[in-house]
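[1] Pasting the sequence and the predicted coordinates here, then a few questions.
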Amino acid sequence: MGVLARQRGQLNAARSFLERGTKVKPESPRAHYELALVLMELKEMEHAIAELGRAVELQPRFPEAYSALGNACAACWYLDKARVSYQTAISQNAGMTGVQKCLEFVEKQQRDVSSGTCRPQRAPLHQIPC
């Protein structure tokens, strides 16, 4: 129900269903992942990061969750964590070519911050190229 509600754009209903799902089946990495996707759409990145962390803790080989974690971390300007998340996703599934673009984006941001050409700031998800 939660995934269907998310697909229909009913984010608050999706959140409600998926939060109940994580309480009923707290050991389900997919439930935490799906909830995190809704939270990202609601721009609740810190909470999404926590849910994605739980998903990959429960299922360490979950490249989609690592990719989403990279996106949420990049949006919060947690560039090191985003880079590591993207690298892990790629190492688990080399076919995730879009994630390579995300990794390159984050690495460029890190270089720009190091060189002083930009300041860390939260990035809207639509600016992250994956």
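    Happy to help now that I have it.

[2] which SS state does the closest residue to residue 13 other than its chain neighbours fall under?
    Excluding the flanking residues, the one nearest residue 13 by CB to CB, 6 or more residues apart in numbering is residue 5, at 4.3 Å. (Glycine included, C-beta is placed from N, CA and C.) On the three-state scheme (DSSP: H, G, I helix; E, B strand; the rest coil), residue 5 is labelled helix.

[3] mind listing what residue 5 touches?
    Counting by CB atoms under 8 Å, 6 or more residues apart in numbering, residue 5 touches 11, 13-14, 17.

[4] Now which of those would you call buried?
    13-14, 17 (16 or more other CB atoms under 10 Å).

[5] ok, back up a step: just the contacts of residue 5: which are in strands?
    Assignment to strands by DSSP state E places none of those there.

[6] out of these, which one sits closest to residue 51?
    Nearest to residue 51 among these, counting by CB to CB, is residue 14 at 13.0 Å.

[7] wait, the closest one sits on residue 31?
    No - at 11.8 Å, residue 14 and residue 31 do not qualify as touching, with contact defined as CB atoms under 8 Å.

[8] give the contact list for residue 41.
    So residue 41 contacts 6, 11 (CB under 8 Å, 6+ apart).

[9] where along this structure do the helices fall?
    Using DSSP state H, the helices of the chain run over 2-7, 11-24, 29-41, 45-58, 63-75, 79-92, 97-115.

[10] so can I have a markdown table of those helices showing mean pLDDT?
    Output for the helices of the chain, formatted as a markdown table (pLDDT from 0 to 100):
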| stretch | mean pLDDT |
| --- | --- |
| helix 2-7 | 75 |
| helix 11-24 | 93 |
| helix 29-41 | 96 |
| helix 45-58 | 97 |
| helix 63-75 | 96 |
| helix 79-92 | 97 |
| helix 97-115 | 91 |
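
[11] any idea which of the ones you listed is most buried?
    Among the helices of the chain, the stretch with the highest mean neighbour count (mean count of other CB atoms under 10 Å) is helix 63-75, at a mean of 25.
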